[in-house]
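> below is the structure, and that's it, no one-letter string:
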């Protein structure tokens, strides 16, 4: 999906007779931008975590790793929210579903991002409980440093 997504959005939206051309272009730009930003969050966070696990003292994209306790990364993507990678996945799903909603007038495509929300919200809660059990007081310190679960500055 990733490399072809911008082309599919442009194709779907540009062939809708009921959507004015300027609105179609703006919507395509917003969808592609949202998808790309979500991809950066997801891949960036996961790649940072992988880099930290394989080379814990090396910077990632120029960001020196900051650690709480024995292994809780709290810099870069992981300093924004404890489950920032989930937010990226949800953003990508929204970007994929919007053209379907516009093209069909149906809300059925919204089930795709809603599936991710229903999957990731309970998973984030479960992950927090597991991490609290695993890391103990280090997890409490991490949560004070990174208080947001999914959306930086909001929740």
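Ah, there it is. In this text, all values refer to a predicted model and were calculated from it rather than measured experimentally.
> residue contacts, the residue nearest to residue 66 when sequence neighbours are not counted?
What sits nearest to residue 66 in space, not counting adjacent residues and going by C-beta to C-beta, 6 or more residues apart in numbering, is residue 75, at 3.9 Å. Where C-beta positions appear, they are placed from N, C-alpha and C, glycine not excepted. If you count contacts by C-beta atoms under 8 Å, 6 or more residues apart in numbering, residue 75 has them with 63-66.
> lowest-confidence helix or strand of this structure?
Across the helices and strands of the chain, mean confidence by mean pLDDT, DSSP states H and E is lowest for helix 5-14: a mean of 68.
> centre of the chain to the very next helix or strand once past it, how far?
Downstream of helix 5-14, the first helix or strand assigned by DSSP states H and E is helix 21-54. Chain-centre distance of helix 21-54: 8 Å, with C-alpha atoms, centre = their mean, to the nearest Å.
> what's the helix or strand just after helix 21-54 packed up against?
In the C-terminal direction, the helix or strand that comes right after helix 21-54 (DSSP H and E) is strand 67-68. Using 3 or more C-beta pairs under 8 Å, 6 or more residues apart in numbering; DSSP states H and E, the elements in contact with strand 67-68 are helix 137-145.
> how much space between the residue nearest the centre of the chain and residue 22?
For the chain, the residue sitting closest to the mean C-alpha position, by C-alpha atoms, centre = their mean, is residue 88 at 1.1 Å. Per C-beta to C-beta, to the nearest Å, residue 88 is found 29 Å from residue 22.
> repeat that for residue 56.
On the measure of C-beta to C-beta, residue 56 and residue 22 end up 50 Å apart.
> and these two? which has more neighbours close in?
Each of residue 56 and residue 22 has its neighbours counted (other C-beta atoms under 10 Å); residue 56 has more, 11 against 8.
> do I have it right that the more buried one meets residue 64?
No - counting by C-beta atoms under 8 Å, residue 56 stays clear of residue 64, with 11.0 Å between them.
> give me every residue that touches residue 23.
By C-beta under 8 Å, 6+ apart, residue 23 has no neighbours at all.
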